[in-house]
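Student: sequence isn't available, so here's the structure alone:
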C-alpha cells in the first residue's frame with residue numbers, strides 16, 4: 001500500500017513509543033520535543049488541508065490494513081503500533097487508531113497590525129480551544145497568550161480547537177509588556193462597566209482581551225484598554241463563560257468588518 005518505510009512497534013519500552021506517550025499525555029511535552037501529536041482523522045485532515053505534512057504517520061495494527069493510501073503517503077515514515085500499545089499511549093477514552101507527528105511550527109514575531117485575540121491567563125484547555133475556533137472563524141489571525149494561560153499546543157487544546165490552530169499565528173508565554181508592540185486598539189470584556197456590545201462602535205482591526213475564568217482581565221490590561229465592553233444579559237446571569245463571551249464578541253467584530 002505504501003512506499004514509505006513501515007515499522008511495527010509492540011514494546012512499551014521502545015524509544016519512539018515513550019516519546020509519543022509524553023506528547024499524548026503531557027500538556028507541555030511539545031515544547032521539549034519540538035513536535036506535536038495529532039490524534040484522530042479530523043485533526044489530521046485539518047493539518048493536511050493547510051498544506052502541513054507529518055514527519056511520522058502512526059496507525060494501530062488492526063487499522064493499518066484499512067488506511068486510505070493518501071493518509072499513509074503524506075508522511076516520510078510510518079509507525080504501526082500494536083492495538084494495546086496505541087491504547088496505552090492515547091489520552092482518549094476511545095483511542096482514534098491513527099495520528100500524525102508534526103514538527104512544532106517555528107515561532108514568528110507577532111504582527112502588530114493583525115486582528116488579534118489576547119488570552120490573559122485563560123486556563124481551561126476546552127475554553128482556549130473553543131476561543132481559537134472562534135478566532136479563526138471570525139477573521140482574527142493571531143492569538144497572543146500571556147503567561148499563565150493553558151499551553152496552546154497541548155493535546156487537549158488541539159482537540160478542542162478542531163483544526164483552528166493551523167489557520168492562526170499562535171504566540172504564548174508573553175508578558176503584558178509584550179503587547180506594547182500592537183498597533184491595534186485593545187478591547188476588554190468587563191462585567192460591570194463599559195459600553196454594551198450591541199451599541200458600541202467597534203474598531204477594526206482590533207485586539208480582544210479575554211480574561212481568567214474567575215478573576216477576569218487583569219488591572220494592568222484594563223488600564224491599557226481603549227474600550228471596555230460588556231454583553232447585555234437580560235436573563236440576569238452575572239457573567240458568561242469566557243469561551244461563550246469570546247464567540248459573541250469576536251462575531252460582532254468580525255461581521256462588522258465586512
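Tutor: Alright, I've got the coordinates. Here the structure is a predicted model, which means the values were calculated and not measured.
Student: CA atoms for contacts and neighbours, from now on please.
Tutor: OK.
Student: can you give me the helices in the stretch 151-258 of the chain?
Tutor: Listed in chain order, the helices of the stretch 151-258 of the chain (DSSP state H, counting those that start in this stretch) span 155-161, 219-224, 242-256.
Student: tally of neighbours for residue 106?
Tutor: 6 (other Cα atoms under 10 Å).
Student: quick one: the strands in the stretch 51-200 of the chain?
Tutor: Assigned strands in the stretch 51-200 of the chain, in chain order: 56-60, 78-81, 98-103, 116-120, 142-146, 169-174, 186-189, 195-196 (criterion: DSSP state E, counting those that start in this stretch).
Student: mind telling me which of these the model trusts least?
Tutor: Of all the strands of the stretch 51-200 of the chain, the minimum mean pLDDT falls on strand 195-196 (a mean of 90).
Student: give the residue spans of the stretch 151-258 of the chain that score low on pLDDT.
Tutor: 191, 236-238, 256-258 (pLDDT under 70).
Student: out of the strands of the stretch 51-200 of the chain, nearest to residue 225?
Tutor: Among those, strand 186-189 comes nearest to residue 225, with 4.9 Å by Cα to Cα.
Student: ok so, going back, okay if I get the strands of the stretch 51-200 of the chain as TSV plus mean neighbour count and distance to residue 209?
Tutor: Formatted as TSV, the strands of the stretch 51-200 of the chain follow (neighbours: other Cα atoms under 10 Å; distance: least, Cα to Cα, whole Å):
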stretch	mean neighbour count	distance to residue 209
strand 56-60	25	36
strand 78-81	23	41
strand 98-103	22	29
strand 116-120	26	5
strand 142-146	24	9
strand 169-174	18	13
strand 186-189	25	5
strand 195-196	16	15
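Student: who wins for proximity to residue 222 among these?
Tutor: When the strands of the stretch 51-200 of the chain are compared (using Cα to Cα), the closest one is strand 186-189, at 6.9 Å.
Student: mind listing what the closest one pairs with, with the direction of each?
Tutor: strand 207-211 (parallel), strand 227-230 (parallel) (DSSP bridges).
Student: how about the ones you listed in CSV, adding distance to residue 65?
Tutor: As requested, these are arranged in CSV below (distance: least, Cα to Cα, whole Å):
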stretch, distance to residue 65
strand 207-211, 46
strand 227-230, 54
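Student: so of these, which one's packed in deepest?
Tutor: Among those, strand 207-211 has the highest mean neighbour count (mean count of other Cα atoms under 10 Å), at a mean of 26.
Student: angle of that strand against helix 242-256?
Tutor: With axes from the mean of the first three to the mean of the last three Cα atoms, to 10 degrees applied, the angle from strand 207-211 to helix 242-256 works out at 170 degrees.
Student: give me the angle between strand 207-211 and strand 142-146.
Tutor: 40 degrees.
Student: who touches strand 207-211?
Tutor: Residues outside strand 207-211 that contact it (Cα atoms under 8 Å, 6 or more residues apart in numbering) are 115-122, 184-189, 216-218, 242, 246, 250.
Student: beta partners for residue 100?
Tutor: Here residue 100, judged by DSSP bridges, has bridge partners residue 38, residue 57.
Student: that one contacts residue 57, doesn't it?
Tutor: Yes - contact criterion Cα atoms under 8 Å: residue 100 and residue 57 qualify, at 4.7 Å.
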